[in-house]
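S.K.: just a sequence and a predicted model for now, questions to come.
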Amino acid sequence: MSEEEKEEYIRTYGKENELGEWVRPVPKEGEEYTYQWKPSWANDPNKPLLKITKSSLGAFKWCKKQYEFSYIDRRPVEVSEPMIKGTFIHDSVEDFYNDVDIEKAENMSMLELKDYFTGLFPISDYTEMSDSIVLFEMQRFKEFKDKKTLDEYLPVGNELLLNARMLINENLNSNYPLTQSYVVHLQGVIDRIFKEGENYIPMELKTGLWKDNKTGIRRELAFYKILMENAPDCGLVPVNHWGWYYPASNHLTVEKAKKATLTATMKAIAELIYAYENDDFPTSFFHKKCVHCSFIDICPASVNSTKEESDWL
Ligand code: SF4
């Protein structure tokens, strides 16, 4: 991503007024898409479209109230150590792919390759993870070299920012029928896109531990497939496979794109619009989940649950 794109991607937060009420940010003049969207704008070409990203849709499916706090209200979230680590590792891998010189590496011994790849990662507190990535990349490099396909070793997309517009039909999700069809704006930064033969494979890098949650990660990759297929000038199609890599668990999966996940992802977009139409973003309180939520202290479900617990005691 360029600096300009990164700047555009940075959040604008809401703020508290003198009465202690939370004031949401409002879309800036000429903004093309926003989370502070109103369905009544749908037929006005001068108004912004609803912005949807992989993360915003994931947050919505996780908890609708959390989505409202985080994306519509734009309340700041606590920056956790896993978030700092995730950003650092993502930046390091992006730089690795930008800087690695295939011709230079081609004739190196495995020992030289290890030194060369290791030197392309910055010294940090996350050496264990960057060491796993180096070993993984050495293995990949060797496989591509042995198959004489080193021209496919580098990704064709590296932290690639894509934008697309898409028409969501009013009857797309029968559980959440809409009052009309809407055009929405999809946006995403895809970690890596690899070309294999005539096919393109989006790959997601995850810096946590692999927890066998295939549903969640498949939805993220389905979002990327939809984005790649609808972004004008992207040209990186067809997308018949997708994959994910967890260096901390040395876990890699590449699989055929699942039709059921694509359908579920499209239905989730309709469900999101339905929530805006009804201005209804309900809580879904579950202690194990909510204990990690940045908004637990202001969430009505959490406040009620604490009250119920104390009434019981
Ligand atoms: S505390 Fe739980 S129910 Fe409330 S916003 Fe957070 S995740 Fe949702």
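M.R.: Yep, it's here. Residues are numbered from 1 along each chain as shown.
S.K.: what about Lys145, how many neighbours?
M.R.: Other residues within reach of Lys145, judged by other CB atoms under 10 Å, total 17. All C-beta atoms are positioned from the backbone trio N, CA, C, and that covers glycine.
S.K.: so, low pLDDT: which residues of this structure?
M.R.: Residues of the chain meeting the criterion pLDDT under 70: 1-11, 303-313.
S.K.: what ranges do the helices span in this structure?
M.R.: 3-9, 54-62, 64-67, 81-99, 102-106, 110-119, 127-146, 214-230, 259-278, 287-290, 300-312 (DSSP state H).
S.K.: how much space between the closest residue to Pro300 other than its chain neighbours and Cys63?
M.R.: In space, and not counting its chain neighbours, Pro300 is closest to Thr283: 6.3 Å by CB to CB, 6 or more residues apart in numbering. Counting by CB to CB, to the nearest Å, the separation of Thr283 from Cys63 is 7 Å.
S.K.: which one's more surrounded, these two?
M.R.: The residue with more neighbours, out of Thr283 and Cys63, is Cys63; 23 against 18, by other CB under 10 Å.
S.K.: need the residues of the chain near the ligand, please.
M.R.: 63, 65-66, 69, 283-285, 289-290, 293, 295-296, 299, 301-302 (CB under 6 Å from any ligand atom).
S.K.: which residues touch the spatially closest residue to Leu205 that is not a sequence neighbour?
M.R.: Distances taken as CB to CB, 6+ apart put Asp191 closest to Leu205, at 4.7 Å, once the chain neighbours are dropped. Asp191 is in contact with 90, 93, 159, 202-205, counting by CB atoms under 8 Å, 6 or more residues apart in numbering.
S.K.: would you check that the residue nearest to Pro300 makes contact with Ile298?
M.R.: No. At 11.2 Å, Thr283 and Ile298 do not qualify as touching, with contact defined as CB atoms under 8 Å.
S.K.: any buried residues in the longest strand belonging to the chain, and which?
M.R.: Identified as the longest strand of the chain according to DSSP state E is strand 182-196. By neighbour count on 16 or more other CB atoms under 10 Å, the buried set for strand 182-196 is 182, 184-194.
S.K.: would TSV of these with distance to Ala268 be doable?
M.R.: Putting those into TSV (distance: CB to CB, whole Å) gives the following:
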residue	distance to Ala268
Tyr182	14
Val184	12
His185	16
Leu186	12
Gln187	16
Gly188	14
Val189	19
Ile190	19
Asp191	21
Arg192	24
Ile193	23
Phe194	26
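S.K.: how close does Tyr182 get to Leu272?
M.R.: 10 Å.
S.K.: which residues are in contact with both of the two?
M.R.: By CB under 8 Å, 6+ apart, the residues touching both Tyr182 and Leu272 are Leu50.
S.K.: what are the pairing partners of the longest strand of the chain, and which direction each?
M.R.: strand 49-53 (parallel), strand 157-168 (antiparallel), strand 199-205 (antiparallel) (DSSP bridges).
S.K.: and the shortest one, how far out from the chain middle?
M.R.: The one in question is strand 49-53. 13 Å (CA atoms, centre = their mean, to the nearest Å).
S.K.: and the direction of that strand versus that of helix 259-278, what angle?
M.R.: 140 degrees (axes from the mean of the first three to the mean of the last three CA atoms, to 10 degrees).
S.K.: can you dump the C-alpha atoms of strand 49-53 in CSV for me?
M.R.: Output of strand 49-53 as CSV, limited to C-alpha atoms (Å, rounded to 0.1, in the frame of the first residue of the first chain):
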residue,chain,number,x,y,z
LEU,A,49,-22.3,4.4,-0.4
LEU,A,50,-22.1,2.0,2.5
LYS,A,51,-18.5,0.9,2.9
ILE,A,52,-17.9,-2.8,3.7
THR,A,53,-14.6,-4.4,4.4
